[in-house]
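Undergrad: Just the structure for this:
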Amino acid sequence: MSKHENGVPENHQPWPEFKLPELLSSDTLRDLHAAIESDWDLLRRSACQTAAGRALWRQVIRDPLAELFAGETYLKNIYEKIKKDKLNNAKEISGVILAVRTLWFDSKLEAALSSVDGGGSQVVLLGAGMDARSYRLSCLKESSVFEVDFPEVLQAKATILEAAANSSEEHHHPIMTAKSLTRVAADLAEDDWLEKLQTSGFEPKKSTVWILEGILYYLSHAHAAEVLNIIAEKCNLTKTVLLADFMNKQATTLSSSTFRFYCDWPDQLLPSIGFADVTLSQIGDPDAHFGLLQDPMNLFNKLRNLPRTVQIHPDDGTPCGRLYLLQASGSPNQTAS
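TA: The predicted model follows:
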């Protein structure tokens, strides 16, 4: 990842003080976020929670739009947890998993684009939520980006971006870094999302990087399998890269009312459906810590030291909930082994 886009803090660096942006007190954004909190379900609201994590870990993620996407409630909730964790010298600070996950996707996206078509691949974000990569990553300068999500999520996002563009706070003015951005209103649980994507200009035979960040485990097993199979089929047409995160079964039990799809061995699943090259990382691995998980006794490092077959942690009897980060690729001249 380019140094000017994301930097790693020194160990023991004091946590940056946080002040709510004035723009969140405007009638437009205050009313919008109130409606989000009252009307949206957990899946849709998770977009704001992810944005809050990115905003509050701004010492490693440069995303000035994130705090506007998050809204006051989520910002305050996570910030209070962070302060409590720092006070208690916690081994993991709240939101660190969101920060590491974001940085992993950023770095793998940049690497994928630099290796294919000189950066000119299409990029599709399924369940894009309040993602702002098209406004913050310079590696997208040659890429056409497509954001797929529920119509109400995309409309809320557009309203926030318009408010930011018209604000006197230049820090929040959105500046597009992608070659182009197209928003596609669709539900991944419906059969027509790919058709809507193609109608919006997506070219099936053009090399594509697919990003599924924080979305698969909200889907049913049938819908998640269908989405993954549709993407895998593109390997027969063109160079295709998939970046996705998977929960194992034990992770979904931590919030059984929210998470549905799980896969204990995604590194076996993806080759079985057509991806030729598959790499799995866990939070805390060399390519998935970014200097943020130095304590060997933090939760993520302890899990990495246990075999993936272990479901209950021997130290405290808690479920071994894991988040797997997967990079997979394939092309017409490759076959999955």
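Undergrad: Contact partners for the most centrally placed residue in the chain?
TA: With distances taken as C-alpha atoms, centre = their mean, the residue of the chain nearest its centroid is Glu213 (3.4 Å). Residues in contact with Glu213 (C-beta atoms under 8 Å, 6 or more residues apart in numbering) are Arg101, Thr102, Phe105, Leu125, Gly127, Asp131, Leu243, Ala244, Asp245. For glycine as for every other residue, the C-beta is placed from the backbone atoms N, C-alpha and C.
Undergrad: Backbone torsions only: list them for it.
TA: The phi/psi pair for Glu213 (degrees, to the nearest 10) reads phi -100, psi 120.
Undergrad: Model confidence for it, exactly?
TA: Here the pLDDT value assigned to Glu213 is 98.
Undergrad: between the contacts of Glu213, which is closest to Trp193?
TA: Gly127 (10.2 Å; C-beta to C-beta).
Undergrad: Now do the same for that closest one: its pLDDT.
TA: Gly127 carries a pLDDT value of 97.
Undergrad: One more: the one 4 residues further on?
TA: Here, the pLDDT recorded for Asp131 equals 97.
Undergrad: I figured it was touching Val124, is that so?
TA: No: taking contacts as C-beta atoms under 8 Å, Asp131 lies outside contact range of Val124: 11.5 Å.
Undergrad: Could you list the domains of the protein?
TA: Split into domains by automatic domain parsing, the chain comes to 22-87, 96-330.
Undergrad: When Asp131 and Val124 are compared, which one has more neighbours?
TA: Just comparing Asp131 and Val124: by other C-beta atoms under 10 Å the higher neighbour count belongs to Asp131, 27 against 22.
Undergrad: mind listing the strands for the stretch 1-150 of the chain?
TA: Counting by DSSP state E, counting those that start in this stretch, the stretch 1-150 of the chain has strands at residues 122-126, 144-149.
Undergrad: any idea where the helices of the stretch 51-200 of the chain begin and end?
TA: Here the stretch 51-200 of the chain has its helices, by DSSP state H, counting those that start in this stretch, at 66-70, 72-87, 96-115, 133-136, 151-165, 193-199.
Undergrad: which other residues reach the longest one?
TA: Translated: helix 96-115. 1-2, 5-6, 50, 53-54, 57, 60-61, 119, 121, 123, 133, 137, 139-140, 142-143, 209, 211, 213-214, 241, 243, 245, 281, 283-284, 287-290, 292-293, 300, 323, 325, 327, 329.
Undergrad: switch the cut-off to 6 Å
TA: Residues from elsewhere that reach helix 96-115 (C-beta atoms under 6 Å, 6 or more residues apart in numbering): 1, 6, 50, 53-54, 57, 60-61, 119, 121, 139, 209, 213, 241, 243, 283, 288, 290, 292, 325, 327.
Undergrad: ok so, going back, which of the helices of the stretch 51-200 of the chain sits closest to Arg30?
TA: With C-beta to C-beta as the measure, helix 72-87 is the member of these nearest Arg30 (7.9 Å).
Undergrad: show me the contacts for Leu197.
TA: Residues near Leu197 by C-beta under 6 Å, 6+ apart: Val184.
Undergrad: Let me know whether Gly274 touches Ile231 as I believe.
TA: No: taking C-beta atoms under 6 Å as the definition, Gly274 is not a contact partner of Ile231, at 9.0 Å.
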